[in-house]
Every structure is written in structure tokens, then in C-alpha cells.
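>>> sequence? don't have it. structure:
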């Protein structure tokens, strides 16, 4: 059912990882291989989104999605921000970039981003970080757009369905990157994929997409056994040839082990799972972290420069708990491998039970 609705061959979705990994080449390659590519546009300017969408449409005629971050309410404490800037200046000095002693002007570009996506006639939009309003969902439906949103708890899933979303991503705590929690306390919304998916499947009528810790065909088989209609993978796509992830990020994933990641608010002010490093651990002991998106903006110059210099201690490198299963391959090879492993796994299970 979900394949027919999304017009894809395989019930596999590439997660919309913002910040650079989801290049036009990656999104197109995934869609061309029969899965659903997703542009992570949360941090992009409206003009950048317009340009990348144009590139994607030149590379594929297949469906693809755009993922956006829904706005969140936050408090702006200027004294807290200035204090954090001073704390962060030691990293700027270490990298040889200008120190900062000011409060940044943070713009909310969501409406402009969304308008560009609608104008480009993208037919699938996914959201995270909050719940889309019923009015927003109706607006998108009127434009023929399928709406997907993220839940990290049962309560959030029920709320999303009541608002009219078409599909729900059940994001388990194993997932890399930012948590999609919006109703429950973040520290209490760390439910594993294996526990979360069947509870949400039993509670809602719309299709459920399993996400978190799924890296291969075995994970796909497990997700479908739990009632999921599709799977969403992020970390597995970070190391493919078309990924825009930095080389130090790819290397960290390919050489990782199961205990290398942790959930932190250090880099962005919002809970996210990534590799432990000097900056993460240091900021976690800092006096007071500004909320998202303020902390994200404050640390952006440091993380960008660190990536350029290949300094893995001062950059955020998001990854899930099963990162050690990652491989170096093309997006097409990954999808083909997922499908083959899934079929092999199911066949093996049926043989053993018979």
C-alpha cells in the first residue's frame, strides 16, 4: 500500500539528513534505484532549496521527498548566549577563526522554505521537531502533497494521526541525528524501535515507517514483522558514494563500534545522537546550554571550520547505534543489498519454521 501511495518500487526511505549529506546526487540515486530519496532541507535557504530541487529533477523523474523542520517556541536569553559565545571562543581560537562576542539574529525561514517546495510541485513532504497544524496539512493536501511526520512516542503518533498526516515515522532511540520529540519530555521519549513500532502500529490506522537502528535486510525484516509498512534509514546512507557527509564523518562511521555514540544537546540545544568527541563532552559540562536553534547557530561556524580542517574533535557527527554495520558502496548497491538481504532473511525464517 505504501509503495503505491508513494509511487516507489521498494518500501525503503532515505532519511532527510540536513546539513549537507543529502546531495542532489544522493536523493536522485536513491529514487532511481526504486526507493524514496529525501532532501534534508531544514537548514537550507529558500534559494538553495530551489536550486537543489532543480538539480534533483534533472537527475531523476522518480518521486522524492523534502524534509523540513517545523518551527519551535524557544526563549532567547541574551546573557546566556553571550556567555556561551565566550565559552565557544576557545574552539574558534584553536581553529584560527574570528572570536565572536555578539547575539546572532535568528531567522525563521520555514514558511519561505515550504512555499518553494510547493511551487516546485514536490509531492511528498516530511516533517520533524514538531507537529504540523491541521491547517498546514490541509494546505499541503490541497496541493496534492503526501504528508509524513515523525513521532517518538505513542502519544505523539496519536496526535499526528488526529491532525491528518498520511504516514508516521516511528523514530526509535537508536536513530542517529536529532530526536523528533515534540510532546513528551525528551529524556523520557527514548523508546527503542523494537518497542515503539508495534505500539504505534496497534494505535493508529495510517501506515507506520520504522526508523532507528535499521541498517540491513535483517533490520527491514524485523521492522515489517513488527507491523511497519516501510523502513527509513539514515546512517546507512551516510557512507555511500553520493553522500555529502565529510570524509572524517564517513571514516568515523566506517570504523565505529556499538558504544561510540551517545545522545547529546551539546551541539544544537536539541537532543541528537552522534559520535562522542572533545567538544561534545566539554559542552555537556558547560554551565548553561541555549535551546535549539540558538545553540545550533552558535556552534555552526566552529563545526563547519572543523570539518574543513579535518578536526573530528570539534564537529558534530551524527550516527545511529548500528553505525558499525555501515559499508562503503553506492546508493544503488545499498538498496539492492537491502532487498536481497531482506528476501534471504524471510526465506531463512520460513525454512526454519517449516
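Yep, it's here. Since this is a predicted model, take the numbers as computed values, not measurements.
>>> how near is the spatially closest residue to residue 63 that is not a sequence neighbour to residue 78?
Leaving aside its sequence neighbours, residue 63 sits nearest to residue 7 (Cβ to Cβ, 6 or more residues apart in numbering; 4.9 Å). In this view, the C-beta of every residue, glycine as well, is placed from N, C-alpha and C. Counting by Cβ to Cβ, to the nearest Å, the separation of residue 7 from residue 78 is 48 Å.
>>> neighbour-wise, which of those two wins?
A count of neighbours by other Cβ atoms under 10 Å puts residue 7 above the other of residue 7 and residue 78, at 13 against 10.
>>> surely the more buried one meets residue 65?
No: if you go by Cβ atoms under 8 Å, residue 7 and residue 65 don't touch, sitting 11.4 Å apart.
>>> counting contacts, what elements does the lengthiest helix in the chain pack onto?
Ranked by residue count, the top helix of the chain under DSSP state H comes out as helix 331-353. Identification of packing neighbours for helix 331-353 by 3 or more Cβ pairs under 8 Å, 6 or more residues apart in numbering; DSSP states H and E yields strand 12-14, helix 24-32, helix 217-225, helix 235-238.
>>> what's the closest of the ones you listed to residue 2?
strand 12-14 (9.2 Å; Cβ to Cβ).
>>> list the contacts of that closest one.
22, 26-27, 30, 34-38, 65, 209, 220, 230-234, 237, 331, 335, 338-339 (Cβ atoms under 8 Å, 6 or more residues apart in numbering).
>>> what of stretch 340-347?
Here stretch 340-347 has contacts from 216-218, 220-221, using Cβ under 8 Å, 6+ apart.
>>> closest to residue 121 out of these?
Nearest member of the contacts of stretch 340-347 to residue 121, counting by Cβ to Cβ, is residue 220, at 30.4 Å.
>>> count the residues that sit near the residue nearest to that closest one when sequence neighbours are not counted.
Excluding its sequence neighbours, the residue lying closest to residue 220 (Cβ to Cβ, 6+ apart) is residue 342, at 4.4 Å. Residues near residue 342, counting by other Cβ under 10 Å, number 23.
>>> equivalent analysis for residue 145, please.
20.
>>> contacting residues around it?
So residue 145 contacts 118, 122-125 (Cβ under 8 Å, 6+ apart).
>>> list the buried residues for stretch 62-76?
62, 64-70 (16 or more other Cβ atoms under 10 Å).
>>> what do you get for stretch 127-138?
127-132, 136-137.
>>> how about stretch 341-354?
In stretch 341-354, counting by 16+ other Cβ under 10 Å, buried: 341-342, 345.
>>> over to stretch 179-186?
So stretch 179-186, judged by 16+ other Cβ under 10 Å, has buried residues 179-184.
>>> flag the least confident of the residues you listed.
Sorting the buried residues of stretch 179-186 by pLDDT puts residue 184 at the bottom of the list (80).
>>> distance of it from residue 321?
Residue 184 is 20 Å from residue 321, by Cβ to Cβ.
>>> just residue 177 next, same as before
Going from residue 177 to residue 321 by Cβ to Cβ gives 12 Å.
>>> now the common contact residues for these two.
residue 273.
>>> what about residue 48, neighbour count?
When neighbours are counted by other Cβ under 10 Å, residue 48 comes out with 13.
>>> same check on residue 231?
28.
>>> for it, give me its contacts.
11-13, 209-211, 214, 219-220, 223-224.
>>> okay, and the closest residue to residue 233 other than its chain neighbours sits in which element?
Leaving aside its chain neighbours, residue 233 sits nearest to residue 214 (5.5 Å; criterion: Cβ to Cβ, 6+ apart). In the assignment (DSSP states H and E), residue 214 maps to no helix and no strand.
>>> residue 214 and residue 342, how far apart?
Taken as Cβ to Cβ, the span from residue 214 to residue 342 is 11 Å.
>>> shared neighbours of these two, which are they?
residue 220.
>>> residue 245 and residue 234 touch, don't they?
No: Residue 245 lies out of contact with residue 234 (Cβ under 8 Å); the separation is 10.6 Å.
>>> can you give me the neighbour number for the residue lying closest to residue 183 once chain neighbours are set aside?
Of all residues not flanking residue 183 in the chain, residue 156 sits nearest, at 4.9 Å (Cβ to Cβ, 6+ apart). For residue 156, the neighbour count with other Cβ under 10 Å is 23.
>>> show me what the helix or strand hosting residue 156 is packed up against.
Remark: residue 156 resides in helix 154-163, with elements defined by DSSP H and E. Packing partners of helix 154-163 (3+ Cβ pairs under 8 Å, 6+ apart): strand 146-151, strand 167-171, helix 193-203.
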